[in-house]
Each structure stands twice: as C-alpha cells, then as structure tokens.
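Undergrad: I need the structure of the sequence given here:
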Amino acid sequence: MASELKLYGASSLVDQLDKQVVVCLRDGRNIVGWLRSFDQFANIVLEDAVERIVVAETFGDVPQGIFVIRGENVMILGEIDPSKESLITQRLQQVSADEIKRALQAQKEDKKAFQRKEKLEWPIQEDF
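TA: Model (predicted):
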C-alpha cells in the first residue's frame, strides 16, 4: 500500500515554489509575484511582485520588485492559474499604476466623507 507524503504548515508551500502566486495580506492588500523562497514561519519572498489594486471596474498593478512578507501577515496564498489570469482584463479595465493610486485615494476620501456625513445626520434625541 503506497502512502503519499503529506506536508503540513509552511512545508506545504513547496508545491508553489517558482510559481506565480497571489498573497492576500491582513491589511487588505493583494500581492502577486513569483514565490522564490519561504521558511518554517511561512515568511515568504516574492520576485517581480506587484500590488494589485481594484477600484470599481478598474484595476492596476503597482510594481514592488522583490517583496518579503512576514508569515503572520499572510491571510491566504494561492497559485495563479495562467489560463484564467487573462479573464481579469475581460471583466475589468486595466489602468496605469498612477491612475489606480489616484482612484484608490479618491475612493478612500469618498468613504471618509460618507462616514462624516452619517455621523452629522444621525438624529440625537435630547430626551434620551
């Protein structure tokens, strides 16, 4: 009876070495790059990394180069299917890094303005 070797924890990243992966970080960012190295703490090194930012119907890739991620900041890591990677451009419009940064900043400012407006319009009852 043949048994397969099962790897748990950081060791299971061996299968993703030298493959393009997307890493979702605890702070909400998504980093796409080539997995080059990892250790027992799931600290990882990505080569040719980009931060993929999506705003409404647009997306942009902000170049990061070599990107080192501490393992405790990784929420999820997954291999990118090259055949499905092209589908993103069919659904979203790709823009430059500067344009997506401006769009993200505008989205953040709109959200802050909306939150301030909600707080101002909240009815305060004096007979509370």
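Undergrad: List the buried residues in stretch 71-83.
TA: Val74, Leu77 (16 or more other Cβ atoms under 10 Å). The way it works is simple: take the backbone N, C-alpha and C, and place the C-beta from them, glycine included.
Undergrad: Give me the contact list for that stretch.
TA: 10, 13, 15-16, 19-27, 32, 35, 39, 41-44 (Cβ atoms under 8 Å, 6 or more residues apart in numbering).
Undergrad: start to end distance for stretch 88-98?
TA: 19 Å (Cα to Cα, to the nearest Å).
Undergrad: Could you tell me the average pLDDT over that stretch, please?
TA: Averaged across stretch 88-98, the pLDDT comes to 92.
Undergrad: do the same with stretch 58-68
TA: pLDDT averaged over stretch 58-68 gives 96.
Undergrad: How far off centre is it?
TA: 10 Å (Cα atoms, centre = their mean, to the nearest Å).
Undergrad: No further questions, thank you.
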